[in-house]
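# With the input below, show me the fold.
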Amino acid sequence: MPINSPLKDTEITKNNPHNLEFELALFIARLKNGVWLAGIPSWLFGITDRSFAAFADGYISALEVFQLFTASFFFLSWLYLRPETDSQNIHGYLCPTQDNRFELKKRHMISQEYILPVPYLCQIYHLLNLKHLETIHKFSLNNLRVINISSFQKTDGGGTIKFQTVLDSPLNALRIWRQPIVEVDLILHTPYTIELSIPVYNGKRITVMFYALPLSQREHHLFIEIYSDLDWPKPILQVLLHFASCLTLFEDLPYLRNLYEKNIERLFHLSLASNHQTMLLFKRFVELYGSSTKTPKLLEGSK
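Just a heads-up that it's a prediction; the model follows:
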């Protein structure tokens with residue numbers, strides 16, 4: 001099955017009407033946030049100006065008190081009416097299957113976003129290749145190994161793979177809060193959305209949502225959202241998750257650059273020729289979105 005190069009794929013995404021719809025939604029969200037931010041100094045200037053005017057003659061009238069109270073009330077209302085962030089809008093746009101926003105908000109821990117100087121398809125290949133947990137993240141995960149593929153199920157927009165991991169090192173710090181062997185879920189929701197769900201203990205989990213969006217022939221936008229129902233103090237857990245996320249991204253960057261230099265199209269062909277189970281979900285991605293006859297579906301799949 002012929003595979004498109006990452007350059008052609010990103011060119012197609014730029015001309016797709018569905019991508020234009022997304023870009024428009026993202027632009028409007030950023031515009032709203034920009035207007036909101038610009039309004040804050042404006043309100044502060046207005047309140048400060050009215051305060052100086054009220055106290056200038058050493059006497060405050062009832063009208064001036066009313067004006068100050070009204071300006072302060074509208075300023076507080078302005079702060080309360082902050083628009084949704086870009087990542088919140090993208091989350092709802094790209095992953096409509098997770099519609100319980102209240103529960104998601106309670107479990108939300110951190111958000112991160114990056115613009116990375118490698119094609120979008122390099123990130124997809126990396127995230128869907130299970131072997132990267134053993135190789136690229138050998139240091140951060142302290143020799144964690146994938147020992148078994150429990151199940152693989154296809155969906156209309158992607159698929160779900162369940163795999164078992166083992167903490168190979170007796171000194172692995174992860175042993176403090178998880179079993180030696182656990183079953184992890186990796187889910188391809190849409191061409192842009194990948195979910196990694198990790199069990200911790202007593203049925204509690206850490207879920208990582210990756211949103212990889214092509215920006216140009218040589219770069220993509222990566223959003224990372226982490227959710228958890230752990231009972232740990234949230235500020236401490238947030239610090240730990242931020243550190244872990246930054247560390248894994250630091251490990252990713254040299255590998256992603258190397259993928260780009262080696263020609264991702266060649267790696268696509270090698271992956272398709274391989275029968276290794278760790279590449280099942282990536283093969284599903286190629287089956288749905290990788291051939292020259294199906295490339296336009298790359299953006300239709302997120303509907």
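# distance between the one helix or strand residue 52 maps to and the chain's centre?
Assigned by DSSP states H and E, residue 52 belongs to helix 17-55. Chain-centre distance of helix 17-55: 25 Å, with C-alpha atoms, centre = their mean, to the nearest Å.
# and that helix, what's its mean pLDDT?
Average pLDDT, helix 17-55: 75.
# in that helix, what's buried?
By neighbour count on 16 or more other C-beta atoms under 10 Å, the buried set for helix 17-55 is 19, 22, 26, 29, 33, 43, 47, 50, 51, 54. Backbone N, C-alpha and C define where each C-beta goes, glycine included.
# And stretch 184-204, by the same measure?
In stretch 184-204, the ones that count as buried by 16+ other C-beta under 10 Å are 184-198, 200.
# Which residues does residue 144 form beta bridges with?
For residue 144, the beta-bridge partners under DSSP bridges are residue 167.
# Hmm, it is touching residue 167, no?
Yes. With contact defined as C-beta atoms under 8 Å, residue 144 counts as touching residue 167 (6.1 Å).
# before we move on, back to that, return the subset of the buried residues of stretch 184-204 lying in strands.
Those of the buried residues of stretch 184-204 mapping onto strands are 184, 185, 186, 187, 188, 193, 194, 195, 196, 197, 198, per DSSP state E.
# OK, contacts around the second one?
Residues in contact with residue 185 (C-beta atoms under 8 Å, 6 or more residues apart in numbering) are 160, 161, 162, 195, 196, 197.
# For residue 160, see how far away residue 46 is.
According to C-beta to C-beta, to the nearest Å, residue 46 and residue 160 sit 53 Å apart.
# what does residue 66 give?
Distance of residue 66 to residue 160, given as C-beta to C-beta: 60 Å.
# for residue 124, same thing?
As judged by C-beta to C-beta, residue 124 and residue 160 stand 16 Å apart.
# between these two, who's got more neighbours?
Shown here are residue 124 and residue 160; by other C-beta atoms under 10 Å, residue 124 has more neighbours (26 against 18).
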